[in-house]
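Student: Would you be able to build a 3D model of this:
(one chain, ligands or ions: 2)
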Amino acid sequence: MEGRATAPGAGTVLNALANGSGSAFAIDARTTATVELDDSGTVTGEVAGAPDADTRLVERCVALVCERHGGPETTGPTATGGHVRTESAVPMAAGLKSSSAAANATVLAVLAALDRAPPDALPDGERATPAAPTRAAACRLGVEAARDAGVTVTGAFDDASASMLGGVTVTDNTADALLARETLPTAWQALVWTPEERALSADADVARCERVAPVADLVRELALDGDYARAMTVNGFAFCAALGFPADPAVEALPDAAGASLSGTGPSFVAIGTDDALDPVAARWREREGTTRRLALDTTGGIVTPEHHP
Ligand SMILES: Nc1ncnc2c1ncn2[C@@H]1O[C@H](COP(=O)(O)OP(=O)(O)OP(=O)(O)O)[C@@H](O)[C@H]1O
Ligand SMILES: O=C(O)C1=C[C@@H](O)[C@@H](O)[C@H](O)C1
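Tutor: Numbers count the residues shown, from 1 in each chain. Ligands and ions are numbered 1, 2, ... in the order given. The predicted model follows:
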């Protein structure tokens, strides 16, 4: 029983560590998960090109989806274990939601292997089985696995929903509730600067983030009004201050970019705007050490893809 799926990473509009509400937008950098299921009762995992990577999150995703959708009471195929391998263009622990992309891709790949892929994750023309969950329900399984694996503070349903549904989402992570899902202007792109350092979300100073909750409340209002660019700009300055990152990259992005922010718990910064507006920002960010990438905004989200047939 094999399954394969991909899901994109994301950039931040509102970091949920202050008031439990979050907002994120999907970017065109994807993680692919390939799973092989069996009835061994054990799950193993590997990350392509990173032999020492922590695979507990994706292994927990496999186990959880098998528990919920692969048991003997189901009408489709059954499974209790297997192997998962991820390949990713989203750097880990860089603020670009690698954990959400990996969890979503893995959950969808397992569902596909069990013949339970959500209807909106299937290629055109392929029909889902009646027992298939929606993509939103599949996303909540990944969030549950992320909580179990200890890689998140709030569950990060904001990041996970943006990755699974594409576009930009606003969520209440305390209830895993989706408050809004929209798309940003089609002419906009994302510019992403990632320095060499890494910052695990689970290690973030939550108490300091909670101090900027009044600013986060304002960012939530801006986001719910659809003013995502200004929302992320305000978010960026507040969370740079709370988490101890210099705000210089955001200053260098303005006023050319429509919006710019520290992404997640850092260290990456993201800017959004038209191609022309991002040109001078790219020139300034390329003088910095690290990697600057221009990426399309993703509106597709998590999808099942054809398996490898070597
Ligand atoms: N490609 C991947 N394959 C398997 N597991 C992954 C992958 N990417 C991330 N993870 C898991 O997610 C953890 C990193 O989570 P973390 O939330 O710190 O990173 P992030 O999602 O990139 O950050 P942020 O939430 O700030 O955007 C890793 O330790 C690993 O367990
Ligand atoms: O671990 C978490 O709960 C989070 C981590 C960051 O990505 C934040 O941007 C997100 O809003 C919540």
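Student: Write out the residues of the stretch 51-200 of the chain neighbouring ligand 2.
Tutor: When proximity is defined as CB under 6 Å from any ligand atom, the stretch 51-200 of the chain approaches ligand 2 at 152, 153, 154, 155, 156, 158, 159. Every C-beta, even on glycine, is put in place using the N, C-alpha and C of the backbone.
Student: run the last query once more with 8 Å
Tutor: 95, 97, 99-100, 146, 151-156, 158-159, 173 (CB under 8 Å from any ligand atom).
Student: These in helices, which ones?
Tutor: Judged by DSSP state H, those include 99, 100, 146, 158, 159 as members of helices.
Student: Closest to residue 231 out of these?
Tutor: The shortest gap between residue 231 and any of these belongs to residue 158, at 12.3 Å (CB to CB).
Student: what about the closest one, how many neighbours?
Tutor: As a burial measure, residue 158 scores 34 neighbours (other CB atoms under 10 Å).
Student: can you give me the strands in the stretch 151-300 of the chain?
Tutor: Applying DSSP state E, counting those that start in this stretch to the stretch 151-300 of the chain gives strands spanning 168-172, 177-182, 188-194, 259-262, 269-274, 291-296.
Student: and those, which is most packed in?
Tutor: Comparing those by mean neighbour count (mean count of other CB atoms under 10 Å), strand 259-262 ranks first with a mean of 30.
Student: Which of the residues of the stretch 51-200 of the chain next to ligand 2 has the largest number of neighbours?
Tutor: Most neighbours among those, by other CB under 10 Å: residue 159, with 39 neighbours.
Student: could you measure the closest residue to residue 75 other than its chain neighbours against residue 181, distance?
Tutor: Leaving aside its sequence neighbours, residue 75 sits nearest to residue 131 (CB to CB, 6 or more residues apart in numbering; 6.6 Å). Separation of residue 131 from residue 181 (CB to CB, to the nearest Å): 24 Å.
Student: for residue 145, same thing?
Tutor: 22 Å.
Student: do the same with residue 146
Tutor: Distance from residue 146 to residue 181, by CB to CB: 20 Å.
Student: cool, and residue 187?
Tutor: Computed as CB to CB, the residue 187 to residue 181 distance reads 20 Å.
Student: State which strand of this protein is the longest.
Tutor: For the chain, the longest strand by residue count, based on DSSP state E, is strand 21-38.
Student: Indicate whether that strand makes contact with ligand 1.
Tutor: Yes: in terms of CB under 8 Å from any ligand atom, part of strand 21-38 sits within range of ligand 1, namely 31, 33.
Student: in the helix or strand following that strand, what counts as buried?
Tutor: Per DSSP states H and E, strand 21-38 leads on to strand 43-47 as the next helix or strand towards the C-terminus. Neighbour-count burial for strand 43-47 flags 43, 45, 46, 47 (criterion: 16 or more other CB atoms under 10 Å).
Student: Same list (the residues you listed) but as a markdown table, adding distance to ligand 1 and pLDDT.
Tutor: Shown next, in a markdown table, are the buried residues of strand 43-47 (distance: CB to the nearest ligand atom, whole Å; pLDDT from 0 to 100):
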| residue | distance to ligand 1 | pLDDT |
| --- | --- | --- |
| 43 | 12 | 98 |
| 45 | 7 | 98 |
| 46 | 9 | 98 |
| 47 | 4 | 98 |
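Student: Of all the residues in the one helix or strand residue 67 maps to, which ones are buried?
Tutor: Taking DSSP H and E as the definition, residue 67 sits inside helix 56-69. Within helix 56-69, the residues scored as buried using 16+ other CB under 10 Å are 57, 58, 59, 60, 61, 62, 63, 64, 65, 66, 68, 69.
Student: ok, the fifth one - contacts?
Tutor: If I follow you right, that is residue 61. Residue 61 makes contact with 84, 102, 103, 106, 107, 110, 141, 142, 145 under the criterion CB atoms under 8 Å, 6 or more residues apart in numbering.
Student: re earlier: the next helix-or-strand element following the helix holding residue 67 vs helix 56-69, what angle?
Tutor: Proceeding N to C from helix 56-69, the next assigned helix or strand is strand 81-88, under DSSP H and E. Interaxial angle of strand 81-88 relative to helix 56-69 (axes from the mean of the first three to the mean of the last three CA atoms, to 10 degrees): 130 degrees.
Student: gap between strand 81-88 and the chain center?
Tutor: The chain centroid and the centroid of strand 81-88 are separated by 17 Å under CA atoms, centre = their mean, to the nearest Å.
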